[in-house]
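[1] pasted the sequence and its predicted model underneath.
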There are 2 protein chains.
Amino acid sequence: MRAKAVFYHAGCPVCVSAERMVAEAIDRSRFDLAVVHLGKDRGAIRTAEQAGVKSVPALVLDNQVFHINFGASMADVAKG
Amino acid sequence: MRAKAVFYHAGCPVCVSAERMVAEAIDRSRFDLAVVHLGKDRGAIRTAEQAGVKSVPALVLDNQVFHINFGASMADVAKG
């Protein structure tokens, strides 16, 4: 079974760069990757926060959160 | 040809966690991964700084730096 990987972003330049490089570097044969755009999928903001995401871009691997560089805080993402 | 990926860390708990999860999630069929422990390989500190690494852990993919969470600043790493 593949482990779950979720890449959260909000469409900002920092996020887009990280998404392209980091998310695409992940071994898809071992990780089932989902990319969630919190600016478009507002309902996922709560899910991301509950997963421990404090800022975007963030990569959640097997329930462990990795914040990558710093695009925006979740507070700013929630403000929209 | 595989792209170059370098994971810089300094042995701190944040780094070790990121190393295990993020570096190991990378698709090794596409990326040639090197893991550099700056606490042990002091000569690599300058190389990392020149690559744009500001804090560890950091992942450099194809010359682009991604700082993951925050373990320690390069200034602290350099102090030893």
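    Nice, I can see it. The shown structure was predicted, so the numbers you read here are calculated from the model rather than taken from an experiment.
[2] residue ranges of the helices in chain A, please?
    Using DSSP state H, the helices of chain A run over residues A:13-18, A:24-25, A:44-50, A:74-79.
[3] the ones you listed: which one's closest to B:Q50?
    helix A:13-18 (19.8 Å; Cβ to Cβ). The way it works is simple: take the backbone N, C-alpha and C, and place the C-beta from them, glycine included.
[4] show me which residues of the helix or strand bottoming out on mean pLDDT in chain A are buried.
    The weakest-scoring helix or strand in chain A, judged by mean pLDDT, DSSP states H and E, is helix A:13-18 (a mean of 87). Judged by neighbour count (16 or more other Cβ atoms under 10 Å in any protein chain shown), helix A:13-18 contains these buried residues: A:V14, A:C15, A:S17, A:A18.
[5] tabulate the helices of chain A (TSV), appending distance to chain B.
    What follows is these, written out as TSV (distance: least, Cβ to the nearest Cβ, whole Å):
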stretch	distance to chain B
helix A:13-18	6
helix A:24-25	5
helix A:44-50	16
helix A:74-79	15
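[6] now whatever residue of chain A ends up closest to chain B: how far from A:V60?
    Distances between chain A and chain B by Cβ to the nearest Cβ are smallest at A:D27, namely 3.9 Å. According to Cβ to Cβ, to the nearest Å, A:D27 and A:V60 sit 16 Å apart.
[7] which residues of chain A lie near chain B?
    Residues of chain A lying close to chain B by Cβ under 8 Å from any Cβ of the partner chain are A:5, A:17-18, A:21-22, A:25-31, A:59, A:61-62, A:64, A:66-70.
[8] hmm, try it at 6 Å
    By Cβ under 6 Å from any Cβ of the partner chain, the residues of chain A that approach chain B are A:18, A:21-22, A:25-27, A:31, A:61, A:64, A:66-69.
[9] give the ChimeraX command for selecting the buried subset of the residues you listed.
    Buried residues within those, by 16+ other Cβ under 10 Å, are selected in ChimeraX with:
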select /A:18,21,22,25,26,27,31,61,66,67,68,69
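[10] save the residues of chain A next to chain B as JSON lines, and put in distance to A:A44 too.
    As requested, the residues of chain A next to chain B are exported to JSON lines (distance: Cβ to Cβ, whole Å):
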{"residue": "A:A18", "distance to A:A44": "17"}
{"residue": "A:M21", "distance to A:A44": "22"}
{"residue": "A:V22", "distance to A:A44": "19"}
{"residue": "A:A25", "distance to A:A44": "23"}
{"residue": "A:I26", "distance to A:A44": "19"}
{"residue": "A:D27", "distance to A:A44": "24"}
{"residue": "A:F31", "distance to A:A44": "19"}
{"residue": "A:L61", "distance to A:A44": "17"}
{"residue": "A:Q64", "distance to A:A44": "18"}
{"residue": "A:F66", "distance to A:A44": "17"}
{"residue": "A:H67", "distance to A:A44": "17"}
{"residue": "A:I68", "distance to A:A44": "17"}
{"residue": "A:N69", "distance to A:A44": "20"}
